[in-house]
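> Would you be able to build a 3D model of this:
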Amino acid sequence: MRLLRELAAAVVLLVIVGVLARSGVGRFVLPVVGLAVVAALVALLSKRPAYPRTAVGPRTRIIESAVESADVACVECGSPATARRRYVREWVVLGVPVVLLDDGENPVCDAHRD
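Residues are numbered from 1 along each chain as shown. The predicted structure follows:
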């Protein structure tokens, strides 16, 4: 289903570009859009990548840190948690996160850190 939506969006985009290319307005609009796309790519490629540069599409990262307080319980067994895992699901283009899809935190104990 998602593939069909992406294909439909690509077809609509190509139709709009085709209409602009045949009109007089396209002489001014298409170069501006082209420069904006190039500027966006330069901005994306200048950032430090969170993923490999070849990564494109939805990706998940897990960031682990120590728990500050002792009253936090493990989500798996209820014992005192020793680590806090933050997961981040993002849409990635050329290794750079572009859109945050989902995120959250899970405190875990040593037995459930695997």
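
> in the longest strand along the chain, what counts as buried?
As assigned by DSSP state E, the longest strand anywhere in the chain is strand 96-108. By neighbour count with 16 or more other CB atoms under 10 Å, strand 96-108 contains the buried residues 96-97, 107-108. In short, each C-beta sits where N, CA and C put it, glycine included.

> For the residues you listed, could you give me TSV that also reports distance to residue 15 and pLDDT?
Below are the buried residues of strand 96-108 laid out as TSV (distance: CB to CB, whole Å; pLDDT from 0 to 100):
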residue	distance to residue 15	pLDDT
96	29	81
97	30	84
107	50	89
108	50	87
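
> What ranges does this structure have for its helices?
2-22, 26-46 (DSSP state H).

> Can you give the distance of the last one from its chain's centre?
Looking back up the chat, that one is helix 26-46. A distance of 20 Å separates the C-alpha centroid of helix 26-46 from that of its chain, computed with CA atoms, centre = their mean, to the nearest Å.

> what angle do that helix and strand 96-108 make?
Direction vectors for helix 26-46 and strand 96-108, defined by axes from the mean of the first three to the mean of the last three CA atoms, to 10 degrees, enclose an angle of 40 degrees.

> Tabulate the CA atom coordinates of stretch 72-86 in CSV.
Below are the C-alpha coordinates for stretch 72-86, written out as CSV (Å, rounded to 0.1, in the frame of the first residue of the first chain):
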residue,chain,number,x,y,z
VAL,A,72,12.7,3.4,38.3
ALA,A,73,11.4,-0.1,37.6
CYS,A,74,12.4,-2.4,34.7
VAL,A,75,9.6,-2.7,32.1
GLU,A,76,10.2,-6.4,31.7
CYS,A,77,10.3,-7.7,35.3
GLY,A,78,9.7,-4.8,37.7
SER,A,79,13.1,-5.0,39.4
PRO,A,80,15.1,-1.8,39.8
ALA,A,81,16.3,-0.5,36.4
THR,A,82,20.0,0.2,35.7
ALA,A,83,19.8,1.5,32.2
ARG,A,84,17.4,3.7,30.2
ARG,A,85,17.0,2.8,26.5
ARG,A,86,15.7,5.5,24.2
